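Engineer: this one's sequence-less:
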Ligand SMILES: [Zn+2]
């Protein structure tokens with residue numbers, strides 16, 4: 001199947017010529033000033049103002065809807081909340097032709113309405129919705145809901161009438177798969193949160209909820225045949241820490257069972273709850289695609305039923321990524337288990353697509369397992385086809401599951417690892433490790449859902465994946481022919497929850513990025529416009545506030561984390577045009593609130609102080625802070641006994657941010673001419689670097705000869721920090737891949753103490769520190785210290 005296909009009997013003639021001209025004129029009219037565009041997300045394909053007075057909804061308004069969708073009901077509920085309980089919902093055909101009616105009517109061929117699409121005509125006398133399927137009627141209702149004010153929190157705030165401007169909208173989706181994923185394994189979220197998620201998806205016309213039900217953090221789906229999956233596998237030891245469920249650490253995952261007396265974290269969904277959620281989603285035109293991970297990412301199942309794992313493998317993970325979380329495909333009882341679990345899954349989820357994960361399977365255990373090796377022999381998988389026998393074993397398992405699902409009328413979806421060892425014939429690939437997997441599958445004539453980490457991973461910070469970057473995504477890669485591109489069903493954003501323990505945090509990570517994804521997946525490419533999006537978004541935040549939805553506010557952009565001065569200095573912050581929040585600040589180190597001082601121009605600073613800036617919304621809620629340490633400081637003119645080089649100290653330990661070195665004892669110390677190193681360097685002059693789990697601290701003086709502004713650049717994988725004269729100049733901290741940050745600071749001639757901290761958790765590691773300034777071309781920072 002490809003992109004939009006029409007149900008039989010519906011003509012997809014684009015639009016009448018007259019209507020097209022009208023629309024073109026309308027777009028031009030709207031385009032003159034994007035601040036007048038209705039704040040709709042996703043933006044409709046075509047919208048034309050009509051020369052008519054607005055439709056005024058009041059107590060006497062009637063909603064006629066016999067579409068079988070929830071659209072009329074949701075719209076009537078919103079109108080009642082706004083103007084009063086008198087708003088009536090009717091399914092009587094005679095009511096459709098009255099005045100003051102919002103009528104949902106089946107589309108005729110001449111309306112040119114597409115599958116999932118609708119045509120909306122708003123006039124003074126009536127509003128007419130034309131649809132070909134219940135999904136279209138529901139989408140039209142969501143558009144009308146977004147055109148109405150948000151529901152007041154208190155019925156006494158009702159007004160007697162609300163207006164909707166006269167216009168015509170013709171709308172349809174670009175892609176048939178507009179998805180949002182949610183990982184409920186790493187952190188568990190109860191049914192009411194899931195329903196809130198579904199409401200948010202439906203409001204923005206998304207139609208797939210990819211429910212990541214099983215993974216190493218916990219098994220969340222009730223099973224009748226294998227009750228220990230939830231009795232044991234849904235409850236892990238709560239390791240404490242700042243979040244419910246503890247700080248995330250794979251090697252600390254333990255599932256001790258119900259009677260251990262330990263404090264446990266977790267939960268699961270009963271079959272009844274799952275059926276309720278599936279129905280709730282279906283009523284909102286959302287298909288729930290369940291994901292049951294196999295053969296990897298299955299630690300809780302293997303703890304509950306150790307026999308399902310390979311021979312000779314310990315039940316608990318070793319440190320690092322190579323976890324003992326794989327099923328053993330060599331054992332017949334594993335295959336029987338997988339099929340039984342799939343049967344229970346199919347019974348709960350009517351979705352055509354069933355996701356089996358299949359990502360990140362470490363095959364080392366299979367190499368050592370006699371059962372797996374026997375399977376490789378009997379199935380002839382040790383062939384020379386460019387893949388290892390164990391990759392072929394995974395492919396064999398995926399093909400087997402794919403044909404099992406096919407026989408039951410379902411289709412397999414898996415992460416792009418299912419391409420390794422050859423793709424199962426009817427499988428759909430979800431491309432996450434970039435877009436190459438998606439391209440390969442589409443070129444092979446198989447369906448693809450795009451979900452690359454570059455644009456679609458909402459567990460990544462807003463710094464790594466900003467809203468504008470998400471909006472710039474085209475799910476169809478440029479190197480696909482139009483014929484191949486038809487295999488791109490659409491895309492989705494993924495919410496992995498290792499570091500997302502609360503529902504507020506989930507919402508903050510998805511809003512407003514999800515609005516960008518929703519629009520990219522719905523609105524035709526030619527109608528996407530960042531300026532329009534940004535302008536609408538600024539006016540959409542109050543609606544999110546009214547709905548009680550938490551969202552991310554940008555962190556103020558600062559030129560540097562530190563300012564050194566001797567008498568007086570001025571601190572200036574660049575506030576982007578159109579910023580919908582107020583910039584507020586404190587000078588005592590506390591976090592800004594709605595009552596903090598408003599930033600309205602450069603701040604004069606005469607004493608050492610820490611300025612903390614945050615954007616604050618209309619509810620008084622503050623976004624992430626940015627700090628500037630203003631420090632009265634004059635450099636030493638001369639420091640005796642120095643030799644060229646940094647003093648360096650190495651620390652062993654596991655961190656997720658640069659540690660407080662003063663509380664630690666080093667495992668080694670030495671000197672280094674430069675602090676820079678690149679993976680896979682194994683030593684830094686006299687210091688031998690471990691592969692992972694270490695931290696480094698460097699100290700030395702930076703000698704300034706010419707006064708002026710110096711720009712330091714600090715890059716690292718994972719995090720790093722640069723202090724100058726004890727003030728944090730560059731904060732590049734946290735777990736991340738290679739990331740470089742710069743900051744500028746005005747310096748006078750003399751010696752400034754510098755300190756660099758960095759830590760390495762796992763994976764690649766590197767560090768670089770450069771400087772440029774008056775008479776100094778960009779290069780590594782030379783330092784002086786006591787030998
Ligand atoms: Zn095995």
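Structural biologist: On my side now, so go ahead. This is a predicted model, so every value here is computed, not measured.
Engineer: Wait, a strand at residue 202?
Structural biologist: No. Membership of residue 202 in a strand is not supported by DSSP: H, G, I helix; E, B strand; the rest coil, which gives helix.
Engineer: Could you verify my assumption that it touches residue 141?
Structural biologist: No. At 9.8 Å, residue 202 does not count as touching residue 141 under the criterion of C-beta atoms under 8 Å. Every C-beta, even on glycine, is put in place using the N, C-alpha and C of the backbone.
Engineer: Give me the more crowded residue out of those two.
Structural biologist: Comparing residue 202 with residue 141 by other C-beta atoms under 10 Å, the one with more neighbours is residue 141, at 29 against 23.
Engineer: The nearest residue to residue 557 once chain neighbours are set aside - how many residues pack around it?
Structural biologist: Among residues not flanking residue 557 along the chain, residue 574 sits closest, at 5.9 Å (C-beta to C-beta, 6 or more residues apart in numbering). The tally of other residues near residue 574 (other C-beta under 10 Å) stands at 9.
Engineer: ok but residue 574 is inside a helix, no?
Structural biologist: No. Counting by three-state DSSP, residue 574 is not found in a helix; it is coil.
Engineer: wait, doesn't it sit right on residue 583?
Structural biologist: No. Under the criterion of C-beta under 8 Å, residue 574 is not in contact with residue 583, lying 10.0 Å apart.
Engineer: quick one on the thing from earlier: phi and psi next, for the residue nearest to residue 557.
Structural biologist: Per-residue torsions, residue 574: phi -90, psi 110 (degrees, to the nearest 10).
Engineer: Do you know the pLDDT at it?
Structural biologist: At residue 574, the model reports a pLDDT of 92.
Engineer: ok, which residues in the chain are in contact with the ion?
Structural biologist: Residues of the chain lying close to the ion by C-beta under 5 Å from the ion are 310, 328, 330, 369, 371-372.
Engineer: got those as CSV, with neighbour count, pLDDT and secondary structure columns?
Structural biologist: Below are the residues of the chain next to the ion laid out as CSV (neighbours: other C-beta atoms under 10 Å; pLDDT from 0 to 100; DSSP: H, G, I helix; E, B strand; the rest coil):
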residue, neighbour count, pLDDT, secondary structure
310, 23, 92, coil
328, 22, 95, coil
330, 22, 97, coil
369, 24, 93, coil
371, 17, 97, helix
372, 24, 97, helix
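Engineer: wait, what's in contact with residue 651?
Structural biologist: Contacts for residue 651 (C-beta atoms under 8 Å, 6 or more residues apart in numbering) come out as 659, 661, 664-667, 694-697.
Engineer: Take these and keep only those in strands.
Structural biologist: Among these, the ones falling in strands (DSSP state E) are 694-697.
Engineer: Can I get the buried part of those as one PyMOL selection?
Structural biologist: What follows is the PyMOL syntax selecting those of the ones in strands among the contacts of residue 651 that are buried according to 16 or more other C-beta atoms under 10 Å:
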select buried, resi 694+695+696+697
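Engineer: Tell me the one among the ones in strands among the contacts of residue 651 nearest to the ion.
Structural biologist: Of all these, the ion sits closest to residue 694, with 34.2 Å by C-beta to the ion.
Engineer: Which residues does the biggest helix by length in the chain contact?
Structural biologist: Ordering each helix of the chain by length in residues (DSSP state H) puts helix 389-407 first. Residues outside helix 389-407 that contact it (C-beta under 8 Å, 6+ apart): 294-295, 329-330, 335, 338-339, 342, 346, 354, 356, 358, 361, 363, 366-367, 372, 375-376, 379, 381-383, 385, 387, 411-412, 414, 417-418, 420-422, 424-427.
Engineer: For the residue nearest to the spatial centre of the chain, list the residues it contacts.
Structural biologist: The structure's the chain has its C-alpha centroid closest to residue 458; by C-alpha atoms, centre = their mean the separation is 1.1 Å. Residues in contact with residue 458 (C-beta under 8 Å, 6+ apart) are 465, 493-495, 509-510, 513-514.
Engineer: what's the pLDDT at it?
Structural biologist: For residue 458, the model assigns a pLDDT of 97.
Engineer: care to break the chain down by domain?
Structural biologist: As assigned by automatic domain parsing, the chain contains the domains 17-171, 177-546, 562-632, 643-785.
Engineer: Format the contacts of residue 458 as JSON lines; extra columns: distance to residue 89.
Structural biologist: Shown next, in JSON lines, are the contacts of residue 458 (distance: C-beta to C-beta, whole Å):
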{"residue": "465", "distance to residue 89": "41"}
{"residue": "493", "distance to residue 89": "34"}
{"residue": "494", "distance to residue 89": "37"}
{"residue": "495", "distance to residue 89": "34"}
{"residue": "509", "distance to residue 89": "36"}
{"residue": "510", "distance to residue 89": "31"}
{"residue": "513", "distance to residue 89": "34"}
{"residue": "514", "distance to residue 89": "29"}
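Engineer: Please narrow the residues you listed to those residing in helices.
Structural biologist: Using DSSP H, the subset of the contacts of residue 458 located in helices is 509-510, 513-514.
Engineer: Tell me where the stretch 1-150 of the chain has strands.
Structural biologist: For the stretch 1-150 of the chain, the strands defined by DSSP state E, counting those that start in this stretch cover 46-49, 55-57, 62-65, 88-90, 101-106, 118-122, 126-131.
Engineer: Also the stretch 451-600 of the chain?
Structural biologist: Applying DSSP E, counting those that start in this stretch to the stretch 451-600 of the chain gives strands spanning 488-493, 562-565, 569-571, 582-586, 597-598.
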